[in-house]
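just coords:
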């Protein structure tokens, strides 16, 4: 048998130093991983808090949400009297952004759970659906990707899927 395969029970100073170096490396890697995890969690929490602040802190968006929720929004109004359209757009763009953040892996469905109900109420509303359908036509005629606000629509589908799984 060769010498390098033979067990040697003697420890040399170099062996102890190498073992201590290995242990120190493992401890530093674990510590760094925990720090990265904590930093990521803090960043995600900050993102969610800013989203919620932007959404719930905007009185016009909240007012528009309640108009839609109480069926007080009518997409079929003549165009010059559609004073609500910019606020509907803002709501849809907000939910589109949330959907993009989820698709990008920046946020999870659990992290946006606080707005899930309102997203469903807006994005499943028949007048909002008609508006999105009209936007699909405009996108198609302009050569832009369809459907319009794909991430908002995917958000609504993901919320519905989550609700079905939890019931």
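Looks like it came in fine. On a predicted model such as this, the values are computed, not experimentally measured, just so you know.

count of neighbours near residue 25?
As a burial measure, residue 25 scores 10 neighbours (other C-beta atoms under 10 Å). Where C-beta positions appear, they are placed from N, C-alpha and C, glycine not excepted.

same deal with the one 10 residues further on?
Each residue near residue 35 was counted by other C-beta under 10 Å, and the total is 10.

how close does residue 67 sit to residue 149?
Distance of residue 67 to residue 149, computed by C-beta to C-beta, to the nearest Å: 19 Å.

next: residue 82.
Shown here: residue 82 relative to residue 149, a distance of 18 Å by C-beta to C-beta.

cool, residue 48 as well?
If you measure residue 48 against residue 149 using C-beta to C-beta, the figure is 21 Å.

who has more neighbours, these two?
Looking at residue 48 and residue 149 with other C-beta under 10 Å, you find the greater number of neighbours at residue 149, namely 23 against 20.

nearest spatial neighbour of that one, chain-adjacent residues omitted?
Of all residues beyond its chain neighbours, the one nearest residue 149 is residue 96 (4.7 Å), with distances taken as C-beta to C-beta, 6 or more residues apart in numbering.

contacting residues for the residue nearest the centre of the chain?
Closest to where the C-alpha atoms of the chain average out (C-alpha atoms, centre = their mean) is residue 102, at 2.8 Å. When contacts are counted by C-beta atoms under 8 Å, 6 or more residues apart in numbering, residue 102 is found next to 108-109, 112, 151, 155, 158.

same deal with residue 96?
In this structure, residue 96 makes contact with 149-152, 155, judged by C-beta under 8 Å, 6+ apart.

mind checking the SS state of it?
When classified by DSSP: H, G, I helix; E, B strand; the rest coil, residue 96 comes out as helix.

what's the burial count for residue 146?
One way to gauge burial is a neighbour count; for residue 146, by other C-beta under 10 Å, it gives 14.

regarding it, what is its secondary structure?
coil.

my read: it touches residue 139, true?
Yes - checked against C-beta atoms under 8 Å, the pair residue 146 and residue 139 is within contact range at 4.9 Å.

wait, doesn't residue 55 sit right on residue 115?
Yes - under the criterion of C-beta under 8 Å, residue 55 lies in contact with residue 115, with a separation of 6.3 Å.

how far away from the center of its chain is the longest helix along the chain?
Secondary structure of the chain per DSSP state H: the longest helix is helix 13-56. Counting by C-alpha atoms, centre = their mean, to the nearest Å, helix 13-56 is centred 22 Å from the centre of its parent chain.
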